[in-house]
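Undergrad: sequence and predicted structure below; questions after.
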Amino acid sequence: MKCKTAEKWILWSLDGRLDERSREGLEKHLEACPSCRKAAAEYRSMLSLLREEREPAPLPRFWERLEPRLRDEQKIMPLVLWERWALHAIPVFVALVALAAGLFFFTPQSRDMSQSEALLIENTNPFSETRSLFEQKRPEDKSMMLIFASLDEKPSVRRQSP
Amino acid sequence: MDEKQLVRLAQDGSQAAFEELVTKYQSKVFSMAMSFIRNREAADDAAQEVFLKAYLALPKFHLKSEFGTWLYRIAINHIKDVLRKRGRAREVSLDDVRKLSIADENALEKAEAERETEARKNLVQGFVQGLPEKYRVIVTLRDIQGLPYEELSQVLHLSPGTVDSRLHRARRMLRTKLAPHLGQEGGSHEM
């Protein structure tokens, strides 16, 4: 057994955590190793000194001194709870207002599409609608068609020339 | 009445049930505070604060762990806060420990048997206070307060393996410092 393992086992043994077989192995090692024997004695002595350090009794009338403090705390507890709740509620409220404002101002408003946009969405060439207008030879006919097209929307463009 | 029933009653507002819990744990909590703070009045005050905090936090305790474990966790956190507030200047520094050891070394030479033990206790305490915080906490909880390993693991939120290795390291550090002052008590090497 290595001395490093023996040291670990010494401490486990002093804690009552070493099984019987390992304990026997440790005993054998300690018989043969003076430095581990010394370490074991030092650890035993150190731990017994530490255990004596325990201070069991608080100052007298512990509960009698504690009870009025508990009562005082109980009185202010609802206030404390309200303060804690308010501390959490305020930022949540502010966040909700900001979210609502954001939704109101930044949601894209629905608007009517232009005729060209509608045609593009339908995957139709918007110039096909105006082709008939360009094909007119007489300027009066062109002017009339333009007037009708400006009066109405899409259907007016499709109106055939007389 | 078992502890869980007492806790439930205390959660329902029974002062008598809470008093029973305080009576059961006051010595342990005080002793733990005393191990770190080293002043009876301050340790007593810290113990009172721990119970106050526990009382206020009772509604949030869901009995997932033992009441004692939960209370020790509150105690450790509170004691750490107290020590932080008192400032490191008031804690025992390594230099103080060295001075202390020289003073106690002189005392050891002169004193009688009982005084020797007392001086050695002071020396041990001085060295414990001089350990880095994580080692001081684990040595205090295990070797002074006698908390079982499982409870150490729960109170400190550490795995059993970490508890084992950290405690081992802390004890080795302490022994290295204390070795020159420890008497070879009991010649037997039996464990």
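TA: Cool, got the structure.

Undergrad: going forward, measure contacts between C-alpha atoms and count neighbours the same way
TA: Noted.

Undergrad: could you list the low-pLDDT ranges of the chain?
TA: Went with chain A since none was named. For chain A, residues meeting the criterion pLDDT under 70 lie at A:55-56, A:76-85, A:87, A:108-113, A:126, A:129, A:152-162.

Undergrad: nope, chain B please
TA: Counting by pLDDT under 70, chain B has low-confidence residues at B:88-114, B:117, B:183-191.

Undergrad: go with 50
TA: Per-residue confidence of chain B (counting by pLDDT under 50) places the weak regions at B:89, B:91-94, B:185-188.

Undergrad: what about the helices in it?
TA: Listed in chain order, the helices of chain B (DSSP state H) span residues B:3-11, B:15-37, B:40-57, B:67-86, B:94-110, B:113-130, B:133-139, B:149-155, B:160-178.

Undergrad: mind giving me the domain ranges of chain B?
TA: Annotated domains of chain B cover B:3-89, B:92-181 [automatic domain parsing].

Undergrad: wait, which of those domains is closest to A:L26?
TA: Between A:L26 and these, the tightest spacing by CA to CA is seen for domain B:92-181, at 17.0 Å.

Undergrad: now A:A32: how far from A:K2?
TA: Distance, A:A32 to A:K2, using CA to CA, to the nearest Å: 12 Å.

Undergrad: more neighbours: those two, which one.
TA: Regarding A:A32 and A:K2, a neighbour count based on other CA atoms under 10 Å in any protein chain shown identifies A:A32 as having more, with 11 against 8.

Undergrad: tell me the spacing between that one and chain B.
TA: Computed with CA to the nearest CA, to the nearest Å, the distance linking A:A32 and chain B is 11 Å.

Undergrad: got the residues of chain A near chain B?
TA: By the rule CA under 8 Å from any CA of the partner chain, the part of chain A lying against chain B is A:8, A:10-11, A:13-14, A:23, A:27, A:30-31, A:37-38, A:40-43, A:45-47, A:49-59, A:62-63, A:66, A:69-70, A:73.

Undergrad: about what we covered before: between the helices of chain B, which gets nearest to chain A?
TA: Nearest to chain A among the helices of chain B is helix B:15-37; the distance by CA to the nearest CA comes to 4.9 Å.

Undergrad: so, in contact with chain A or not, that closest one?
TA: Yes. With CA under 8 Å from any CA as the threshold, helix B:15-37 lies in contact with chain A, specifically through B:E19, B:V22, B:T23, B:Q26, B:S27, B:K28, B:F30, B:S31, B:M34, B:S35.
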